[in-house]
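Visitor: I would like to see how this sequence folds:
(one chain, ligands or ions: 1)
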Amino acid sequence: MDKLIIQGGRRLEGTIEISGAKNAALPLMASTILAPGKHVLENVANLKDILTMCELLEKLGARVDRSRLESDGILEIDSADIQSRRAPYELVKTMRASILALGPLYARFGCAEVSFPGGCAIGARPVDLHLKGLEMLGAKISVEHGYIVAEKQDAHANEITFDTVTVTGTENVMMAAALTPGKTVLLNAAQEPEVVDLAEYMIEMGAKIKGAGTERIELAGVESLKPGVHRIMPDRIEAGTYLVAAAITGGELLLKNCNAGHLESVIAKLHEAGVGIEKSEAGLRVWRKGKLRGVDIRTTPYPGFPTDMQAQMMALLSLAESGVSMITETIFENRFQHALELQRMGANIKMEGNRALVTGVKKLSGAKVMATDLRASASLVLAGLASQNTTEVSRVYHLDRGYEKMEEKLNAVGAKIQRAKEA
Ligand code: UD1
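Guide: Residues are numbered from 1 along each chain as shown. Take a look at the predicted model:
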């Protein structure tokens, strides 16, 4: 296992290129199951989760050409020869997003078996709404030996209202409905840009979809889809993380290849906290304007403040020079584990239920810390960048799941981060 050793206290300055979005690439890769043939995806980040999805598609019988993934961000997926309908436990347990195979396998073959995703460090994360959606499209769902089994019985379109906004749930049901005869309407659908990216590719494949990006998505089922070419949207969470990196180190960065429109809620909060952000032809420029102020944050589905940026903002607000910050996490029930590690670095954070009260301290001091999930790891790296002396972040495999070349990108703008093997 690797760890990162961070020499903190260095101001970051320079340009960072943002990679393709992990959370858009994963559903898009799964959607290649829908249309037999060769799909080309561009701007794909070379990440552990992407490789796990490649492995899953290969297990199903697809041919995945990843020879240009690292050099050019291109993945070619030929889904013509998929034979298996089963997403095995061994892969699903390493990546919950494997559940995204359920909708497209069911849509194309009329049956699918996907290992039931287990618990997760940040909360229970049930998939009941994915299953309810498929049932409402005429699937018979059962659970056998730890596997969700979906079988087509009486396929029909329907009006489906999600009880809670679910991103991958919306994506799964959208993929299933694309090949279900009749007009399906999804209400209280997720409006995340990643859902829109998926819908755009599905439309290119021949699907009839209206309203993606709003809470009402309409689909008219078609008989079949054909493969195409698609460029994955930029990663808004990676971009948000580097916005915080500039702010927390008192530095100045230019982020290239990012979509500022996807970051409005994050930019608004950073402005409120005293961070300068300006959009230009060249990209998104971010700098620390003056004193950092505490701000209140409440995570909500898009276009609200993303839960995937909560941990990074907590690291920043730990160093607010005035005011206190109330952070309320409404999406996942157990997503404050980074707070305990930040406390070990000297942060003043009081937690009660889904709320954390953060009072800024003058400095954070380097420590050995351990991350429990992807974004928690990012927040500890950010705290390490701003802290005095050395911070060691262990269990870097969490970071590698979702941040492409993080230490390389940060070192190129002045950070001093070294990767080492854990003893
Ligand atoms: C996706 C993102 C993840 C992000 C999350 C919330 C991907 C691959 N992952 O995860 O990075 O943190 O959205 O923005 O895109 N829920 C149910 N029943 C369900 C499904 C969800 O109760 O069937 C609940 C969850 O427990 C959670 C909330 O709905 O409280 C939102 O979860 P959801 O949007 O489904 O998260 P994911 O799609 O798993």
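Visitor: Following the chain onward from the host helix or strand of V40, which element is next?
Guide: Secondary structure assigned from DSSP states H and E places V40 in strand 38-42. Counting by DSSP H and E, the next helix or strand C-terminal to strand 38-42 is helix 48-60.
Visitor: Restricting to C-alpha, output that next one in CSV.
Guide: Extracted in CSV, the C-alpha atoms of helix 48-60 (Å, rounded to 0.1, in the frame of the first residue of the first chain):
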residue,chain,number,x,y,z
LYS,A,48,-8.4,2.7,-10.6
ASP,A,49,-12.3,2.9,-10.8
ILE,A,50,-12.1,3.2,-14.6
LEU,A,51,-9.8,0.1,-14.8
THR,A,52,-12.3,-1.8,-12.5
MET,A,53,-15.1,-0.9,-14.9
CYS,A,54,-12.9,-2.1,-17.8
GLU,A,55,-12.4,-5.3,-16.0
LEU,A,56,-16.1,-5.7,-15.4
LEU,A,57,-16.9,-5.1,-19.1
GLU,A,58,-14.3,-7.7,-20.0
LYS,A,59,-15.7,-10.2,-17.6
LEU,A,60,-19.1,-9.8,-19.3
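Visitor: Below-threshold pLDDT in the protein: ranges please.
Guide: Residues of the chain meeting the criterion pLDDT under 70: 118-124.
Visitor: returning to that earlier point: partners of the strand holding V40 in the sheet?
Guide: Here strand 38-42 has these sheet partners by DSSP bridges: strand 75-78 (antiparallel), strand 229-231 (parallel).
Visitor: List of residues touching the shortest one?
Guide: Identification of contacts with strand 229-231 by Cβ atoms under 8 Å, 6 or more residues apart in numbering yields 20, 28, 39-43, 197, 200-201, 204. For the C-beta atoms, the positions are set from N, CA and C on the backbone; glycine is no exception.
Visitor: got the residues of the stretch 51-200 of the chain near the ligand?
Guide: Taking Cβ under 6 Å from any ligand atom as the test, the list of the stretch 51-200 of the chain residues beside the ligand reads 97, 123-130, 164, 166-169, 194.
Visitor: Looking at those, which are in helices?
Guide: In helices, defined here by DSSP state H, the members of those are 128-130, 167-169, 194.
Visitor: Pick the one among those closest to T15.
Guide: Distances from T15 to those, taken as Cβ to Cβ, are shortest for E194 (24.9 Å).
Visitor: Can you tell me how far the closest one is from L34?
Guide: When distance is defined by Cβ to Cβ, to the nearest Å, E194 is 17 Å away from L34.
Visitor: Report the contact partners of T214.
Guide: Going by Cβ under 8 Å, 6+ apart, T214 touches 189, 191.
Visitor: Check the one 10 residues further on too.
Guide: By Cβ under 8 Å, 6+ apart, the contact set of S224 is 35, 179, 206.
Visitor: if we can go back for a sec, show the buried residues in the residues of the stretch 51-200 of the chain next to the ligand.
Guide: Among those, the ones that count as buried by 16 or more other Cβ atoms under 10 Å are 97, 125, 127, 129-130, 166-169, 194.
Visitor: what's the most distant pair in the residues of the stretch 51-200 of the chain next to the ligand?
Guide: When those are compared pair by pair using Cβ to Cβ, the two farthest from each other are A124 and E194, 21.9 Å apart.
Visitor: Okay, buried residues for the strand holding V40 please.
Guide: Counting neighbours by 16+ other Cβ under 10 Å, one finds that the buried residues in strand 38-42 are 38-41.
Visitor: what angle sits between that strand and helix 48-60?
Guide: Between strand 38-42 and helix 48-60, the angle comes out at 180 degrees (axes from the mean of the first three to the mean of the last three Cα atoms, to 10 degrees).
Visitor: and strand 38-42, C-alpha only, in CSV?
Guide: Included here for strand 38-42 are C-alpha records, laid out as CSV according to Å, rounded to 0.1, in the frame of the first residue of the first chain:
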residue,chain,number,x,y,z
LYS,A,38,-17.5,-0.6,-31.1
HIS,A,39,-17.8,2.6,-28.9
VAL,A,40,-15.1,5.2,-28.6
LEU,A,41,-14.9,7.3,-25.4
GLU,A,42,-12.5,10.3,-25.2
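Visitor: ok, and what's touching that strand?
Guide: Outside strand 38-42, the residues within contact range by Cβ under 8 Å, 6+ apart are 20, 25, 28-29, 32, 72-80, 227-232.
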